[in-house]
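Novice: next input, structure requested:
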Amino acid sequence: MTITDSFYDVSLPQLIDDHDIVHIYRHTRPDPDAIGAANGLAEVISFNFFDTLVRVAGDDELDMQAMPNSRFSAPREDDYSSRVLAIVVDTSTASRIDGDGYMRADTVVKLDHHPVNQTDPEYTYADFEHVDTGSSSAAELVTAIATRNEWEITRRAAHFLYIGLLGDTGAFSYNTYPGTFAAAATLAATGIDVVEIKKATATRTVAQVAAYGFTAVSMARFDKDAGFHLTRVNKTVMDYHGFNADDAHTAVNAARTMEGLEAWAVAVELEDQVDDNGCPLFRVSLRSNGPIINDIASRFGGGGHPLAAGCTVAASELESVREMLDDAVASYRAVQKD
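Specialist: Sure, this is the predicted structure:
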């Protein structure tokens with residue numbers, strides 16, 4: 001069931017009141033928005049619903065200097081003797097949820113900003129869902145929900161949510177809408193130090209700088225007539241330059257302001273992971289300054305936004321990804337000419 005804004009504002013507080021415990025889930029391989037939205041929502045509910053126990057699920061971690069440590073414990077087995085409400089943030093499909101405990105909850109709510117395929121059961125795992133593709137991030141969506149329901153947002157909650165906003169908008173350089181700035185203003189009004197948070201999120205390790213350097217040099221070789229590029233990062237490259245797969249993925253935005261580059265991808269080899277044929281697997285991050293690229297990710301079981309998406313493919317499929325990027329840029333240019 002899809003909850004409209006008017007019904008949603010009435011029902012979510014009631015759903016929380018009707019349950020004893022709230023479990024909050026996010027996706028595997030979390031990004032700043034997933035961690036920020038999950039913990040920010042946990043802080044908001046914990047502060048505004050005094051009698052509700054809140055826990056945050058997820059085994060995968062995110063090593064990020066700016067992100068505060070979560071103060072919420074993981075779901076426990078004995079929780080299920082009480083009424084449990086599971087809220088899943090920033091996760092479009094069931095297979096990407098970090099943990100399967102949500103399936104044991106009495107009620108499941110999905111809060112997300114990614115496109116939905118209502119005919120695919122992978123996307124319709126919740127009893128209630130609120131999906132707003134006009135939101136920049138799950139953090140923006142959580143902030144808007146809290147504001148509409150007149151829930152107080154503490155400074156700690158705002159810190160988490162602001163990092164989520166920065167993460168999914170590239171510090172307000174893409175995927176940014178009027179509601180994004182409204183959410184940022186709401187969070188800043190709590191007294192958080194937005195300048196220091198921005199500085200902390202922008203800090204790079206030596207390994208991350210090495211990954212940025214390699215990616216930027218690779219992208220600079222792109223064919224200007226084609227307007228796209230795919231950078232392949234294998235284990236040999238990572239070992240030689242002294243960075244790992246996580247570092248490599250942070251470098252995908254190194255090419256965002258490169259003149260003439262309209263769409264690009266960074267494909268990073270996953271350690272000790274192969275497909276059924278023994279072919280190495282690569283995690284592909286796709287980005288664009290105009291051409292629609294999330295349908296490329298969807299063809300390989302991934303997803304995301306029109307200008308930022310990702311998927312996992314075998315090494316033998318990387319050429320297909322490159323060809324699809326070529327087609328996406330060509331189609332975009334054809335429309336621009338009309």
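Novice: quick one: the helices in the stretch 201-338 of the chain?
Specialist: In the stretch 201-338 of the chain, the helices defined using DSSP state H, counting those that start in this stretch lie at 206-219, 235-241, 245-250, 294-299, 318-337.
Novice: what about the closest residue to residue 105 other than its chain neighbours, which SS state?
Specialist: Once flanking residues are discounted, residue 105 sits nearest to residue 86: 3.6 Å by CB to CB, 6 or more residues apart in numbering. Glycine gets a C-beta too; all of them are placed from N, C-alpha and C. Residue 86 falls in the strand class when you classify it by DSSP: H, G, I helix; E, B strand; the rest coil.
Novice: for residue 86, give me the pLDDT.
Specialist: Per-residue pLDDT puts residue 86 at 97.
Novice: about what we covered before: would you format the helices of the stretch 201-338 of the chain as CSV with mean pLDDT, distance to residue 115 and mean neighbour count included?
Specialist: CSV is the format used below for the helices of the stretch 201-338 of the chain (pLDDT from 0 to 100; distance: least, CB to CB, whole Å; neighbours: other CB atoms under 10 Å):
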stretch, mean pLDDT, distance to residue 115, mean neighbour count
helix 206-219, 93, 27, 18
helix 235-241, 95, 32, 14
helix 245-250, 88, 22, 20
helix 294-299, 92, 7, 19
helix 318-337, 93, 16, 15
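Novice: give the rounded mean pLDDT of the top strand by length along the chain.
Specialist: In the chain, taking DSSP state E as the definition, the longest strand is strand 263-274. For strand 263-274, the mean per-residue pLDDT is 93.
Novice: care to break the protein down by domain?
Specialist: According to automatic domain parsing, the chain comprises the domains 5-202, 206-337.
Novice: off-centre distance for the longest one?
Specialist: Here the centre of mass of C-alpha atoms in domain 5-202, compared against the chain's by CA atoms, centre = their mean, to the nearest Å, lies 11 Å away.
Novice: the helices of the stretch 201-338 of the chain: which one's closest to residue 149?
Specialist: helix 294-299 (30.5 Å; CB to CB).
Novice: hmm, who's touching that closest one?
Specialist: Here helix 294-299 makes contact (CB atoms under 8 Å, 6 or more residues apart in numbering) with 115, 284, 286, 303-311, 321, 324-325, 328.
Novice: so which of those are in strands?
Specialist: Those of the contacts of helix 294-299 lying in strands (DSSP E): 284, 286, 303-305, 308-311.
Novice: mind putting those into a markdown table with distance to residue 249?
Specialist: Shown next, in a markdown table, are the ones in strands among the contacts of helix 294-299 (distance: CB to CB, whole Å):
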| residue | distance to residue 249 |
| --- | --- |
| 284 | 10 |
| 286 | 12 |
| 303 | 16 |
| 304 | 13 |
| 305 | 16 |
| 308 | 12 |
| 309 | 13 |
| 310 | 9 |
| 311 | 13 |
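Novice: three-state assignment of residue 13?
Specialist: Following three-state DSSP, the label given to residue 13 is helix.
Novice: could you check how far it is from residue 66?
Specialist: Residue 13 sits 30 Å away from residue 66, going by CB to CB, to the nearest Å.
Novice: and what of residue 143?
Specialist: Residue 143 is 18 Å from residue 66, where distance means CB to CB.
Novice: more crowded one of these two?
Specialist: Neighbour comparison, residue 143 and residue 66: the larger count goes to residue 143, with 31 against 19 (by other CB atoms under 10 Å).
Novice: list the contacts of the residue nearest to residue 175 when sequence neighbours are not counted.
Specialist: Once flanking residues are discounted, residue 175 sits nearest to residue 136: 4.6 Å by CB to CB, 6+ apart. Applying CB under 8 Å, 6+ apart, we find residue 136 in contact with 113, 165, 168-169, 175-177, 179-180.
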